[in-house]
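> below are the sequence and a predicted model for it; my questions follow.
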Number of protein chains: 2
Amino acid sequence: MVKYQQISKEMRQRLVDGYYSSNQPIPDEVTLAKQFDCSRMTMKKALDILVTEGFLYRKRGHGTFIVKSAIQSNKLNVVSNDTLGLSNLLKGQGKRPTSKILNFEVKFPTEEIASHLSIDLDTPVYDITRLRCVDGEPYVIEHTYMPTTLIPGINEKVLLSSIYSHISDNLGLKVAGSHRKIRASKAELLDQNYLDCQPDDPILEVEQAGYLNNGLPFEYAFARHRYDKFEFTTVHIRR
Amino acid sequence: MVKYQQISKEMRQRLVDGYYSSNQPIPDEVTLAKQFDCSRMTMKKALDILVTEGFLYRKRGHGTFIVKSAIQSNKLNVVSNDTLGLSNLLKGQGKRPTSKILNFEVKFPTEEIASHLSIDLDTPVYDITRLRCVDGEPYVIEHTYMPTTLIPGINEKVLLSSIYSHISDNLGLKVAGSHRKIRASKAELLDQNYLDCQPDDPILEVEQAGYLNNGLPFEYAFARHRYDKFEFTTVHIRR
DNA sequence: CAGTGGTCTAGACCACAGA
DNA sequence: CTGTGGTCTAGACCACTGT
């Protein structure tokens, strides 16, 4: 871990430990830089992380202050927890998901899927449908499409645990980010059957395009959530 | 506008103009820094913005590359358009919303609202319900709570246009960011009546806590959207 | 090896706020 | 005026990649 990340980590700990009074600014950047034996630029970069995470805010000419609400209820962790995959989402809560494979096949993509994955119509894709449960309760149905060429080695064993672990641990690929669209939808028959919900229960659908750090899209997926078991949380900071 | 923002703007324009071939890396940082007559740090900061916006990605040891899909369909603008308020959302599309005030009163907050606004139970809040339409079609019902002390001067005229314009233009306050939760919900009677939807139509609800740049929460709101007229778009970049 | 991006430094000047 | 954060510089070294 590089210097500014170490400093950021130490400062985050100080904040949640109440090391600094939340009624006055934390020490100024020059002072902190001396304490941490680094340049002011590096200190600023470390504090930038905490500002982005919502722990601190700056007032030019005044100083840097603590966001009290962020220290009390540590719900801002969504920023760092905002990774892909249900397995990751649940890690922080001491729960692990189970998976039931509803469909698993390899086929040629439709025009739409091919365009989202930046592949041509001749490149086969995995077509995967899984029911994900937590504590035996159905939570979400995930439809996933991935290019077989980019993400080889998908099998039942992988599908029953975590696709993302396979991608990072077995294939050594790095996930860079994703684009998501979130909408409300009516419950279809598949939802009603497997999510154990009523015809008039709404569904929260998250459409997601995932990208590797080489810029290639590796995943196009739809996650259909029970409306009473899931909500999507985001933090928006203006630049 | 400062230097790195100007450079970033110019580079963004070059990218959408096809100035650089998308099949090879753009010039390296040292070369670009010379072209723009700036230091490498400043050049990097300018490129950082475009990476965050999804236009570029970097490969250590290789270079900086263009995300083709971002250039083609300029849907990544959600990053910069990701501001608060329906008026802002619609600006890019040449449409303007109209508002119908369903309820407008001042009262004392409940425990829950007071805690979200970081005020005590003796501080009165605005309780506002508006129906927002686009081209005469109902789009969303917005329930908004704001402290009367922090955001004075709310009246019918303000409510019929944009609350955010009032906050920034009239009060001179700066919106720093927000926390949002997005969920699916069943249509209540109010939704059915004003959004012109059926009892079994789902609703996309966005709960939002808005913050000023001094760290104070100024808004706690629920926006209930027609499921066929709205979807929420986000971009997630791993650090 | 050379070329790329990633980090870090020491110092400078600017913009803004309060006394 | 002083003290704060915001920006910018010129240069250094490191980490990673492909040749």
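Great, that's in hand. Numbering: from 1, shown residues only, chains lettered A, B, ... in the order given.

> and A:K44, that one's in a helix?
Yes: assignment of A:K44 by DSSP: H, G, I helix; E, B strand; the rest coil places it within a helix.

> nearest spatial neighbour of it, skipping sequence neighbours?
A:E29 (5.9 Å; Cβ to Cβ, 6 or more residues apart in numbering or on different chains). The way it works is simple: take the backbone N, C-alpha and C, and place the C-beta from them, glycine included.

> how close does the one you found get to chain B?
A:E29 sits 17 Å away from chain B, going by Cβ to the nearest Cβ, to the nearest Å.

> all helices for chain A, in order.
A:3-16, A:29-35, A:40-52, A:68-72, A:78-81, A:86-91, A:111-117, A:156-160, A:163-165, A:189-194 (DSSP state H).

> hang on, A:K186 packs against A:P202?
Yes: the pair A:K186 / A:P202 is scored as a contact, 7.0 Å apart, by Cβ atoms under 8 Å.

> so between these two, which is more surrounded?
A:P202 (28 against 15; other Cβ atoms under 10 Å in any protein chain shown).

> ok, and the closest non-adjacent residue to that one?
With Cβ to Cβ, 6+ apart, the residue lying closest to A:P202 is B:P202, at 3.0 Å.

> partners of the one you found in the sheet?
Beta-bridge partners of B:P202, counted by DSSP bridges, are B:K186.

> what's near enough to touch the closest residue to chain B within chain A?
Nearest residue of chain A to chain B: A:P202, at 3.0 Å (Cβ to the nearest Cβ). With contact set as Cβ atoms under 8 Å, 6 or more residues apart in numbering or on different chains, A:P202 has these partners: A:184-187, A:227, B:184-186, B:202-203, B:227.

> now the buried members of those residues.
A:184-185, A:187, A:227, B:184-186, B:202-203, B:227 (16 or more other Cβ atoms under 10 Å in any protein chain shown).

> can you give the domain ranges for chain A?
Using automatic domain parsing, the domain parsing of chain A gives A:3-76, A:80-226.

> for the residue of chain A closest to chain B, give its distance to B:I203.
Applying Cβ to Cβ, to the nearest Å, the value for A:P202 to B:I203 is 7 Å.

> any residues in contact with both of those two?
What both A:P202 and B:I203 touch, as defined by Cβ under 8 Å, 6+ apart, is the set A:184, B:184-186, B:227.

> neighbours of the residue nearest to A:K107 when sequence neighbours are not counted, how many?
Spatial nearest neighbour of A:K107, chain neighbours left out: A:D127 (5.6 Å); criterion: Cβ to Cβ, 6+ apart. A:D127 has 17 neighbours, counted by other Cβ under 10 Å.

> gap between A:D127 and DNA strand D?
31 Å (Cβ to the nearest atom of the strand, to the nearest Å).

> give the contact list for A:M11.
Taking Cβ under 8 Å, 6+ apart as the criterion, A:M11 is in contact with A:32, A:46-47, A:50.

> can stretch A:22-29 be said to contact DNA strand C?
No: contact of stretch A:22-29 with DNA strand C (Cβ under 7 Å from any atom of the strand) is absent, the minimum separation being 9.3 Å.

> which outside residues touch that stretch?
A:20, A:32, A:35, A:40, A:43-44, A:47, A:56, A:62-66, A:68, A:71.

> apply 7 Å and report the result again.
A:20, A:40, A:43-44, A:62-66, A:68, A:71 (Cβ atoms under 7 Å, 6 or more residues apart in numbering or on different chains).

> what about it, how long is it end to end?
17 Å (Cα to Cα, to the nearest Å).

> same question for stretch A:165-177.
OK, stretch A:165-177 end separation, Cα to Cα: 15 Å.

> buried sites along that stretch?
Of the residues in stretch A:165-177, those buried (16+ other Cβ under 10 Å) are A:166-167, A:173, A:175-177.

> quick check: mean pLDDT across that stretch?
Mean pLDDT, stretch A:165-177: 77.

> that one close to DNA strand D?
No: Stretch A:165-177 is not in contact with DNA strand D by Cβ under 7 Å from any atom of the strand; minimum separation 9.3 Å.

> quickly check: that stretch near DNA strand C or not.
No: on the criterion Cβ under 7 Å from any atom of the strand, stretch A:165-177 is out of touch with DNA strand C, staying 11.1 Å away.

> would you mind listing what in chain A touches DNA strand C?
Contact residues, chain A versus DNA strand C (Cβ under 7 Å from any atom of the strand): A:2-4, A:37-42, A:45, A:59-62.

> give me the buried entries from these.
For these, buried by 16+ other Cβ under 10 Å: A:4, A:38, A:42, A:45.

> excluding covalently adjacent residues, which one is nearest to the last one?
Distances taken as Cβ to Cβ, 6+ apart put A:Y4 closest to A:K45, at 4.3 Å, once the chain neighbours are dropped.

> quick check: pLDDT value at the residue nearest to A:P202.
96.

> sketch out the low-pLDDT regions of chain A for me.
Along chain A, the parts satisfying pLDDT under 70 run over A:69-95, A:213-215, A:235-239.

> 50 instead?
Counting by pLDDT under 50, chain A contains low-confidence residues at A:73-83, A:91-92, A:239.

> and A:H62, what is it in contact with?
Contacts of A:H62 (Cβ under 7 Å, 6+ apart): A:P25.

> could you measure from it over to A:S165?
45 Å.

> cool, A:S21 as well?
42 Å.

> cool, and A:V51?
From A:V51 to A:S165 the distance is 31 Å (Cβ to Cβ).

> I figured A:T64 was touching A:F55, is that so?
No: using Cβ atoms under 7 Å, A:T64 is not in contact with A:F55, being 10.2 Å away.

> burial check on the closest residue to A:L216 other than its chain neighbours, number of neighbours?
In space, and not counting its chain neighbours, A:L216 is closest to A:L150: 6.2 Å by Cβ to Cβ, 6+ apart. If you count neighbours by other Cβ under 10 Å, A:L150 ends up with 20.

> likewise A:Y20?
A:Y20: 17 neighbours (other Cβ under 10 Å).

> does it really touch A:T64, like I thought?
No: with contact defined as Cβ under 7 Å, A:Y20 does not reach A:T64; the gap is 9.9 Å.

> show me what counts as buried in stretch A:190-204.
A:191, A:194-195, A:197, A:201-204.

> what's the answer for stretch A:15-35, then?
A:15, A:20, A:26, A:29, A:32-33.

> is DNA strand D contacted by that stretch?
Yes: counting by Cβ under 7 Å from any atom of the strand, DNA strand D is contacted by stretch A:15-35 at A:25-26, A:28-31.
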